[in-house]
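> here is a sequence with its predicted model. Questions after.
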Amino acid sequence: MAYRNKTYVAFDGDNDIRYYYLMKAWRDRDNDSFNFHDAHDLNKSRDSSQEQSIKANLRTRFSNSKAFVLLVGESTRYLTKFVKWEIEQAIKLDLPIIVVNLNGKRSKDESRCPPAVKDALAIYVSFNQSIIRYALDNWPSSHKKHRDQQHSGPYYYKDNVYQELGL
């Protein structure tokens with residue numbers, strides 16, 4: 001089994017890639033452990049036109065992941081070819097899911113939430129470096145506790161957590 005030390009990030013590669021690039025800039029600037037795979041860097045598959053080869057490559061990335069971050073923008077809920085599959089894989093592998101609302105909402109956004117993650121055990125946060133890092137540091141252990149108690153559905157951090165982070 002692979003050593004799981006990465007964070008798998010999924011997003012709408014056509015519309016929301018700038019947010020992913022910003023996350024990479026945060027990581028590079030701070031030189032910290034905010035380490036993740038680019039779910040849309042599909043060029044590693046020899047034939048990127050073949051859905052099967054792309055998914056095989058993504059499965060390898062999942063096998064190295066300790067958490068799944070889903071960046072949710074305006075169109076994410078309509079993506080069924082890869083994003084839906086990535087969500088399903090994260091649920092199947094029981095990865096802690098962190099849903100990041102690109103519109104700043106701090107809880108589940110019913111109008112943008114992809115149906116595949118709608119009822120899954122997940123934490124919902126706004127797009128901000130501090131709260132995303134906080135979720136990456138804290139949600140995996142909370143996820144395990146909630147899962148062990150057979151809880152599911154959406155979770156979110158209360159306002160005092162955001163205030164403590166200066167948000």
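Nice, thanks for sending it over.
> check which helix or strand Phe68 maps to.
Using DSSP states H and E, Phe68 maps to strand 65-72.
> model confidence over that strand, on average?
Taken as a whole, strand 65-72 has an average pLDDT of 93.
> again, but for stretch 82-92
On average, stretch 82-92 scores 93.
> for it, which outside residues touch it?
Stretch 82-92 is touched from outside by 8, 10-12, 39-40, 54-55, 58-59, 62, 68, 70, 76, 97, 114-117, 120, with contacts defined as CB atoms under 8 Å, 6 or more residues apart in numbering. In short, each C-beta sits where N, CA and C put it, glycine included.
> and Leu136, helix, strand or coil?
Following DSSP: H, G, I helix; E, B strand; the rest coil, Leu136 is assigned to helix.
> one step back: show me how to select, in ChimeraX, the buried members of the contacts of stretch 82-92.
Selecting just the buried residues from the contacts of stretch 82-92 in ChimeraX takes one command, with 16 or more other CB atoms under 10 Å as the test:
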select :8,10,11,12,39,40,54,55,58,62,68,70,76,97,114,116,117,120
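> in helices, which of the contacts of stretch 82-92 appear?
Among those, DSSP state H puts 54-55, 58-59, 62 in helices.
> any chance of those residues in TSV, with distance to Tyr156 and pLDDT too?
Listed next are these as TSV, based on distance: CB to CB, whole Å; pLDDT from 0 to 100:
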residue	distance to Tyr156	pLDDT
Ile54	32	76
Lys55	31	80
Leu58	27	79
Arg59	30	82
Phe62	25	81
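> show me what counts as buried in stretch 141-157.
143, 146, 154-157.
> one more: stretch 84-103?
Judged by neighbour count (16+ other CB under 10 Å), stretch 84-103 contains these buried residues: 84-87, 89-91, 95-102.
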